[in-house]
Structure formats: C-alpha cells, structure tokens
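>>> When you get a sec, could you give me coordinates for this:
(4 chains)
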Protein chains: 2
Amino acid sequence: MSKQAEFAVILKMNTMFADLGADEIQRLSSLCHTQHLGNGEVLFQKGDAGDALFGVRRGQVRIETGASDGSRLTLNFMGPGDLFGEVAVLDGQNRTADATAGEASELFVLRREDFLAFLEREPKVAIKIIALLCQRIRWQSERMEESMLQPLPVRLARRLCALAADFGSEVHISQEQLGVFVGAARESVNRQLQAWRKEAILDLQRGRILLRNMTKLTAIARNE
Amino acid sequence: MSKQAEFAVILKMNTMFADLGADEIQRLSSLCHTQHLGNGEVLFQKGDAGDALFGVRRGQVRIETGASDGSRLTLNFMGPGDLFGEVAVLDGQNRTADATAGEASELFVLRREDFLAFLEREPKVAIKIIALLCQRIRWQSERMEESMLQPLPVRLARRLCALAADFGSEVHISQEQLGVFVGAARESVNRQLQAWRKEAILDLQRGRILLRNMTKLTAIARNE
DNA sequence: AAAGTTATGTGACTTATGACACACTTCCCC
DNA sequence: GGGGAAGTGTGTCATAAGTCACATAACTTT
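Modelled structure (predicted):
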C-alpha cells in the first residue's frame, strides 16, 4: 500500500474526517509528507505554533505536559493510526502540550498552509469540516456536563475502557497518571482498583493494569 | 439605524463573528430577516431541525429544557444583542433545548441555507469560522476541565459574575435555577449565598439576588 | 549488592456537598 | 381573604473523595 493510501485510511478513521467522500480524502492525503523521529526526539513543545497535523504511521508519540513541580505528566499515547493536532492545524494557535517520540517513529505530516489552501479550493469540504467541528462542540459539552458529574468509579472505568481500545487488555500506565486522567487523587484510584481486583475485574502490576473482565468494566462505565 | 446595521453590530459583538472584517459582516447581515414573537410564544423546541441563527433585537427569549419530572428548567436568558443557535445553524443538527419568548420580542433571523450559500461563496470566511470554532473547542475543554474541578463557591461566583454582565447587579433568578446552572443542590447554593450575605457581598430577595460587592465576588471567581 | 528512587498499598482523619426533613414566607389566584 | 404553590432558610446525617503519613515492593544506578 502506498504511503498516500495509508494516510487516507488513517484520515478516514478519525471522526473529524470520517464523513468526507473518498475523492476528497484522496486529494487531502496527496498533500501529506512523512517525518521520522528517533526515540525520545521532541516533535513539538507547548507554545510552538500549531503548523501541522500529524498521523502516526509506526512507533509511538507521547502527548505530555510539564507540571508546575517540574515532573512530566503524560496526557495521551498516540499509536499507529492515531491522528493528533487536528484542532491546531485548523486554527493555527499554539500547541497546548508537548509531543515526544516514545520510540523510533514515522509520522504523516499535513502542513497547515497546504490544508488551508486545500479548504479554500474546496469550500464544500470547508463546510463539512465546520459541521464536524460543530458536532465536536456538541459532543464536548454533552460529555463534560455528564462526565465530571459522574462518580470516580464511572470515570475510571470509562478511561480504562478507552485505554483498552487503544492498547488491548494490558494497559501500561501508572496509577498516578491514571489519577491525572480522571481528575482524582492517586490514593483514590488505588483504592478503587484494589476493590476491582478483589472482584476479579482486573489485575495489578507495577506500572500496568491487566483487564480481566471487560464486560463488568463497561457495565460500570455505563453507570448501570 | 437600519435593521441591517443593527444586526451587523450584534454579529460583531459575538465572539464567533468578532474577527470578521466589516465588509464581510455587512454582506452577512444583508441576509437577515426579522421575526416577531408574542409573550410566551414558542420559537423552537428540542428536536426541531436547527435551521436558523437568531439574534435578539428587543424582548427576551428563555432557553430552557423540560426536565424528566415535567418541570421546566431555564438554561439561559437571551436579551437584546444576544445571539443564539450559532452551532445549530452551522451543522444543521437538531435543537438541544426549547426557546420561548419571555415577553413580546423581535428577532433577527439568519437562515441556514442563506448562511451556507454565503460561506460557499466566501471560502475565506468559512476558514475564519473554522478558526473560531476551534477556539471555542479549546476554550470549552480548558473551561470544563478547570471548571467542574473547582469548588462550589468558585463556580457560583463565576456564574453570578456572568449573569451580572448580562443583567447588571440585580440578577433575577431563583436559587433552584442557579443550582442547576452550577450543578449543585439548591440547599448548598442557599448556604453559600447566606454566607456571602453575611459578608455584605450580596443581598437576597425572593427570586432575585442583589450584588453589592463585585470586587470580592470576582476575586472569589478567580479562586484567589 | 547496597543505596536510592519510583510505584504501590493502606489506615486515620477531614471536608465538601448531597439528601432528607421541615418551618417559614411570599406570591398568586379564585 | 383563604388556600395553595413556589421559593427560601436551616438542622441533621451520610458519604465520596481528598490529604497526610507511613509501610512495602519493585526497578535502577553505582
């Protein structure tokens, strides 16, 4: 499969571009470049201009932010097929987090200027993008109002399910970082995980969580 | 001042259109219609197709939603100069709440079809709209992550400040509805308001709150 | 392998806030 | 002007989750 065809598949998988027609996707993916990163290499940092959209072809990129105490907190892991920086490429605002290669990686790059020129040539696509952004706004406000009002177990179960979708049943994450993800104290996370371990929903190891019973976990995530 | 000039001013005041150039605003406002509503008349209901954007010229429109128990909960008041339905007009999705005239009102109406045709004619404006939507997405995610994690006094102070910006220092709202706004129980809202009354930050009357010391209130809203 | 560092497990305590219960007041309307 | 209905004020209690304070376990570095 050509690089462009690969990139087209990745674009198509992202909610933001899922509704575009095959021809539009094809023209969009013809604008892509590729970029290689060595292990630990920094792709961009907080405050950099948001001048491109990235898709992971192989490897892994960590999206992280420097906490005030100097420690680094990982906000997300992007693996093959994941797309990141969609919003930055559209509005050109500064990056709000750092991106670092977690291993040697190859990325698809769609530069802002190319993308904007494309939108100007194809106003119908621009209108679709607008619709997609609007959906995202609706989705966000629904989620947020709903999500932060949920009790910790529900938030935690949801986050674990989301991580499982990306990484399978062996999630490699510290309880500390999980706490940051769901907005809770590490100790609270630990206590909940212990409770679930006793129910055989999952197993715990240092730096990793083994999901044993996704059925129960998704039931908790749905808040019964 | 002509209706169109008035509408142009209203568009300009809204964050969503604030960055557009004067000529673009002018062409956009030439597409507007007006509509009259009697007191209590229903403008649209939850589930209706989102086929237009509205601006209040005079009067007041309540945005509300029917709670499951049959009672109606007001989500927002739109007064002269306020714009609502921006997202629905862009993506054409269904309304997510009801809109009812709180008094005899006159509205500016910008129909979805006219607006989309306009965007197709002016792709540069479409790109600006995209940038504005992106800003809104960023703003939303920042706010939400921050806001729901804040303690009740902070959330309450912020909401009161926002209401004060719209209605001045005499905010006409029940404590019940204020509770819905900030996602808290009525009793908790009442207790916090009582505390602030004792500090002379505000006064309470049935169905209304008189803000006495905005300086202190904004300080609380900033979370010190 | 000893020492240091990071991640995890757990108990004791505190606090914010929701839930319930009920009294009191104001408004509206017949 | 009497009887609801809606809004408000307050006490008591329960609970979820944060904080603090350690103990322990697992990797890393020298």
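
>>> Identify each buried residue in the helix or strand hosting A:T65, please.
Using DSSP states H and E, A:T65 maps to strand A:61-66. Buried residues in strand A:61-66, counted by 16 or more other C-beta atoms under 10 Å in any protein chain shown: A:61-64. No exception for glycine: its C-beta is placed from N, CA and C like everyone else's.

>>> Show the contacting residues for the residue nearest to A:A221 when sequence neighbours are not counted.
Distances taken as C-beta to C-beta, 6 or more residues apart in numbering or on different chains put A:A157 closest to A:A221, at 4.0 Å, once the chain neighbours are dropped. A:A157 is in contact with A:217-218, A:220-221, counting by C-beta atoms under 8 Å, 6 or more residues apart in numbering or on different chains.

>>> Number of residues surrounding A:R208?
Look at A:R208: counted by other C-beta atoms under 10 Å in any protein chain shown, it has 12 neighbours.

>>> Got the phi and psi for it?
phi -160, psi 150 (degrees, to the nearest 10).

>>> quick revisit: widest-spaced pair of the contacts of A:A157?
Farthest-apart pair in those is A:T218 and A:I220; separation 7.3 Å (C-beta to C-beta).

>>> Comparing these two, which shows the higher neighbour count?
In this view A:T218 and A:I220 are compared by other C-beta under 10 Å, and A:I220 has more residues nearby, 18 against 14.

>>> In chain A, what helix or strand scores lowest on average pLDDT?
strand A:72-78 (a mean of 71; mean pLDDT, DSSP states H and E).

>>> tally of neighbours for A:S174?
Around A:S174 there are 15 residues (other C-beta under 10 Å).

>>> neighbours around the residue lying closest to it once chain neighbours are set aside, how many?
Here the nearest residue to A:S174 in space, its sequence neighbours aside, is A:G207; by C-beta to C-beta, 6+ apart that works out to 5.5 Å. Per other C-beta under 10 Å, the neighbour tally for A:G207 reads 12.

>>> right, and A:G207 touches A:V171 too?
No: the criterion here is C-beta atoms under 8 Å, and A:G207 misses it with A:V171 at 9.9 Å.

>>> which one of the buried residues of strand A:61-66 is nearest DNA strand D?
Comparing those against DNA strand D with C-beta to the nearest atom of the strand places A:R62 closest, at 17.0 Å.

>>> Which stretches in chain A count as strands?
A:33-37, A:42-44, A:52-58, A:61-66, A:72-78, A:83-84, A:98-101, A:105-111, A:170-171, A:202-205, A:208-211 (DSSP state E).

>>> Check which helices and strands the longest helix belonging to chain A is in contact with.
Under DSSP state H, the helix in chain A containing the largest number of residues is helix A:123-147. Contact analysis of helix A:123-147 by 3 or more C-beta pairs under 8 Å, 6 or more residues apart in numbering or on different chains; DSSP states H and E lists helix A:22-29, helix A:112-121, helix B:86-91, helix B:112-121, helix B:123-147 as its packing neighbours.

>>> Include mean pLDDT, mean neighbour count and distance to DNA strand D when you put those into a markdown table, please.
Output for the helices and strands packed on helix A:123-147, formatted as a markdown table (pLDDT from 0 to 100; neighbours: other C-beta atoms under 10 Å in any protein chain shown; distance: least, C-beta to the nearest atom of the strand, whole Å):
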| stretch | mean pLDDT | mean neighbour count | distance to DNA strand D |
| --- | --- | --- | --- |
| helix A:22-29 | 87 | 16 | 39 |
| helix A:112-121 | 90 | 16 | 38 |
| helix B:86-91 | 84 | 23 | 28 |
| helix B:112-121 | 89 | 16 | 35 |
| helix B:123-147 | 78 | 18 | 13 |
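
>>> Those helices: which one's closest to DNA strand C?
Here helix B:123-147 is closest among those (C-beta to the nearest atom of the strand), at 11.9 Å.

>>> is any part of the closest one close to DNA strand C?
No: Helix B:123-147 stays clear of DNA strand C (C-beta under 7 Å from any atom of the strand), getting no nearer than 11.9 Å.

>>> And the contacts of that helix?
A:87, A:90-93, A:96, A:116, A:119-120, A:123, A:126-127, A:129-130, A:133-134, A:136-137, A:140-141, A:144, A:148, A:183, B:15-17, B:19-20, B:24, B:28, B:90, B:118-120, B:155, B:158.
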